[in-house]
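Asker: Here is my input, please return the structure:
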Amino acid sequence: MSITSSSLRRAPFNISRSIPARAAGAAIQPYSDKHNNLTDKWLARLRVSSTNYTSNENFGQLHSLIDYFNKETRNRGLDKIDWKYWESEIHTQGVVKNIRRKYNRFMKSEYYVEDAASRVDTKTKKFEGLDVAMNYNYVLWLTHYSNHMQFMEGITNLGDITDMSEKEALKYAKNIDVLHQSSLEIGDLSHEDYNEVTVASRIVSQFSWGSRYMPPFVHSSDALNAVAATLGKLGK
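Answerer: Next comes the predicted model:
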C-alpha cells in the first residue's frame, strides 16, 4: 500500500467537524480559510512524498476527489430527522433511541488533520524494514526472471550445441563457475560425485611417465582421504 492510500484512510479531507454535525445547524456552512489552509498543507505534504508513478497517480485521484467534494453546492439546508416518526414506524423497542443517542454523540465528534499531515512524510522502523524486504524480493525476482529469459532465448537461438566451442558452451553454464568457487571457499577438496573422463584424456594418460592410471569414471567415495579432511561428505 502506498503512502498516499494509507493516509487516505487515516485523514479526512478538509473537515474540522463531521458533515452531519454541520447539517445539525440546518444549513451547510461554507469552508473557512482555516480549513482550506489545512487542506492545502496536507496536499503539499502528499505532493512532496509522491516520488513514483503509482503515488503520483494516487495523489492526482485524491486531489480530484477533494476538488469534487469541495465544489460549491446549491443545497443550503437539510431536513431534520423526525425521530417520533421513526419510533412509530419501527416497532422494535429501543432501536430508534439507541440510534439517536449514537447520532448525537457523533455530532460532537471532531477530526483534526494536523497530526495525520505531519506523519505523511515520515517512516517508522517497521515500515522501513518492510520497504527493504519488498525491494530485495523484487530485485531478486527480477534478476531470476531476466536470467531465465536470457537463457531460454539463448537456447532457442542456439542451434546444434555440438557445433559450439568449449568456451562458448561455458557461457550458457554459469552455475559451473559458481559451484567451483563455492567448493573452494568452504574447503571442499573432494572429487565430484560423478565425473566422466573424456576419451582424449584417457589416450594421453596412456603415454604419461610413471604408473599413473586415469579411470574412465570417478566417484567421490573413491577419495576417502579428501572426505575425511574436509568433513564435507558422508555426513561427518
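Asker: quick one: contacts of the helix or strand encompassing Ser88?
Answerer: Using DSSP states H and E, Ser88 falls within helix 83-89. Helix 83-89 is contacted by residues 96-97, 100 when judged by CB atoms under 8 Å, 6 or more residues apart in numbering. Every residue, glycine included, has its C-beta placed from N, CA and C.
Asker: Please report how far Asn37 lies from Thr122.
Answerer: Taking CB to CB, to the nearest Å as the measure, Asn37 falls 21 Å from Thr122.
Asker: try Asn70
Answerer: On the measure of CB to CB, Asn70 and Thr122 end up 26 Å apart.
Asker: Show the model's pLDDT score for Leu130.
Answerer: Listed pLDDT for Leu130 reads 84.
Asker: if we can go back for a sec, okay, and which of the contacts of helix 83-89 map to helices?
Answerer: The members of the contacts of helix 83-89 that map onto helices under DSSP state H are 96-97, 100.
Asker: Name the member of those with the shortest distance to Leu142.
Answerer: The nearest member of these to Leu142, counting by CB to CB, is Arg100 at 57.2 Å.
Asker: And Asn70 and Thr122? Which one has more around it.
Answerer: Using other CB atoms under 10 Å, the more surrounded residue of Asn70 and Thr122 is Asn70, with 14 against 10.
Asker: can I see the domain layout of the chain?
Answerer: With domains defined by automatic domain parsing, the chain comprises 3-122, 123-160, 173-236.
Asker: Tell me where the chain has helices.
Answerer: Under DSSP H, the chain gives helices at 3-10, 19-23, 33-49, 53-69, 83-89, 95-107, 114-118, 125-156, 166-170, 174-185, 199-206, 224-230.
Asker: and the fourth one, which residues are buried?
Answerer: Buried positions in helix 53-69, judged by neighbour count with 16 or more other CB atoms under 10 Å: 55, 58-59, 62.
Asker: Can you lay out the residues you listed as a markdown table showing pLDDT and distance to Arg47?
Answerer: What follows is the buried residues of helix 53-69, written out as a markdown table (pLDDT from 0 to 100; distance: CB to CB, whole Å):
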| residue | pLDDT | distance to Arg47 |
| --- | --- | --- |
| Ser55 | 84 | 10 |
| Asn58 | 87 | 11 |
| Phe59 | 86 | 6 |
| Leu62 | 88 | 10 |
